[in-house]
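Chemist: Test case, fold it:
(2 chains)
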Amino acid sequence: MTPEVLAALEAAKRDKRPIVLATRLPDGEQRLLPDPAAPAALNSAAEQVLASDQSGTVKIEGTDWFLHAHNPPLRLVVVGAVHIAQALVPFATQCGFAVTVVDPRRSFASDERFPNVTVSTAWPDEAMDELKPDSRTAIVTLTHDPKLDDPALDRALKSSAFYIGSLGSRRTHAARLKRLRELGHSETALARIQGPVGLNIEAVTAPEIALSIIAELVAVRRGASLPQKQSIAA
Amino acid sequence: MTIAETEDVMSTAALWRAAGEQVAVATVTETWGSSPRPAGSQMAVTKSGKMAGSVSGGCIEGAVADAAMKTIDTGTPQLLDFGVTHERAWEVGLACGGKVKVFVEKLS
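Modeler: Numbering: from 1, shown residues only, chains lettered A, B, ... in the order given. Modelled structure (predicted):
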């Protein structure tokens, strides 16, 4: 790989621009895509690997090209700079998520409690408006305080976030759904919320609960089937 | 450096190169069957013996590192083929029964 290609690739990753490194096999000739000067077939194949987020080898006009997709990292927005969030952040970071912790309570959202993580002390609805969650974003609310969780969930449901999870017992969750229903959210929309959040592994401690949340997040991301959760009426 | 950045093998390799190391990067380009790491998985190796990332569950990293040393010396990229069809499957193949192709290149 030439220093020029390497520098351009690293710059694109730093700027969070989706980019494909195309390598001709087996001689190793390389170019970055999309590129208006590249053959249309190569550009459209690059578009496909970015969309599916799956790198692979394609044959174009008799030549093998390895197309390496470099999408910006998936994002995780954690609402509530609580103890479970402290355990969740390192798991999520290690799984490749770019994490933002949102909590207007400054004593919770301190840099000391959350080193090396983006922390926002804006109100959750304002923070969400700023973060603009998309289909590569997951949102987890952990405060179980309606005045913090509800505005975040309201914005989450209006976004295309691929995962929405909310901490709280079945009873808390039922009450939460009732409030969100009153805000005008449909049953289909409300069904997007994983509540109580996390896979049922009988987690007790903060790291165990964080583990159950990250496991559910990975399951959804990778398309695993999830067991039906029991719900109760509010 | 955060934990996520350590997963970005190419960035690690770029840092090593910038520090004056001789570096080769190996990338999984194709997989068949039950190979453990998907296409795009990478491993970086330096002439001085540093190693980051992986291209399998640990089965072929040794052989890939040997090939990487050769590419560092010659500057010529290599496309390596690993699979159970290899006669020395148990030495440098995948015990899981999968097959992978690995592209090895030098950072010039």
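
Chemist: what about the nearest residue to A:Ile209 once chain neighbours are set aside, is that helix, strand or coil?
Modeler: Excluding the flanking residues, the one nearest A:Ile209 by CB to CB, 6 or more residues apart in numbering or on different chains is A:Ala203, at 4.5 Å. From N, CA and C alone the C-beta is placed, and that goes for glycine too. Secondary structure assignment for A:Ala203 (DSSP: H, G, I helix; E, B strand; the rest coil): coil.

Chemist: burial measure for A:Ala203, as a count.
Modeler: 17 (other CB atoms under 10 Å in any protein chain shown).

Chemist: now A:Val20
Modeler: 28.

Chemist: ok now do it, which residues does it touch?
Modeler: A:32-34, A:46, A:49-50, A:67-70 (CB atoms under 8 Å, 6 or more residues apart in numbering or on different chains).

Chemist: which neighbours does the top strand by length along chain B have in its sheet, and in what orientation?
Modeler: Secondary structure of chain B per DSSP state E: the longest strand is strand B:23-32. Paired strands of strand B:23-32, with direction, are strand B:42-46 (antiparallel), strand B:99-106 (antiparallel) (DSSP bridges).

Chemist: would you list the ones you listed in a markdown table and tack on distance to B:Cys59?
Modeler: Shown next, in a markdown table, are those (distance: least, CB to CB, whole Å):
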| stretch | distance to B:Cys59 |
| --- | --- |
| strand B:42-46 | 12 |
| strand B:99-106 | 9 |
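
Chemist: Reformat those strands as TSV; add mean pLDDT and mean neighbour count.
Modeler: Below are these laid out as TSV (pLDDT from 0 to 100; neighbours: other CB atoms under 10 Å in any protein chain shown):
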stretch	mean pLDDT	mean neighbour count
strand B:42-46	97	24
strand B:99-106	95	23
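
Chemist: about what we covered before: for the longest strand of chain B, list every residue counted as buried.
Modeler: By neighbour count with 16 or more other CB atoms under 10 Å in any protein chain shown, strand B:23-32 contains the buried residues B:23-31.

Chemist: which residues of chain B score low on pLDDT?
Modeler: B:1-7, B:84-97 (pLDDT under 70).

Chemist: before we move on, what about chain A?
Modeler: Looking at chain A by pLDDT under 70, you get A:234.

Chemist: one more time with 80, if that's ok
Modeler: A:230-234 (pLDDT under 80).

Chemist: Near chain B, which residues of it are found?
Modeler: When proximity is defined as CB under 8 Å from any CB of the partner chain, chain A approaches chain B at A:1-3, A:6, A:9-10, A:13, A:23, A:25-28, A:54-57, A:66, A:68-69, A:73, A:90, A:93-94, A:96-98, A:116.

Chemist: make it 7 Å
Modeler: A:1-3, A:6, A:9-10, A:23, A:25-28, A:55-57, A:66, A:68-69, A:73, A:90, A:93-94, A:96, A:116 (CB under 7 Å from any CB of the partner chain).

Chemist: Can you select the buried ones from those residues in PyMOL?
Modeler: In PyMOL syntax, the buried subset of the residues of chain A next to chain B is picked out as below (16+ other CB under 10 Å):
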select buried, chain A and resi 1+6+9+10+23+25+28+55+56+57+66+68+69+73+90+93
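
Chemist: Please name the nearest non-neighbouring residue to residue 98.
Modeler: Because you didn't say which chain, this covers chain A. A:Pro73 (4.3 Å).

Chemist: wait, chain B
Modeler: Nearest one to B:Gly98, counting by CB to CB, 6+ apart, is B:Ser35 at 3.2 Å.

Chemist: With A:Ser135 instead?
Modeler: A:Ser160 is the one closest to A:Ser135 (CB to CB, 6+ apart), at 4.5 Å.

Chemist: picking up where we left off before, these two touch, right, the residue nearest to A:Ile209 and A:Ile214?
Modeler: No: in this structure A:Ala203 lies outside contact range of A:Ile214 using CB atoms under 7 Å: 11.1 Å.

Chemist: All set now, cheers.
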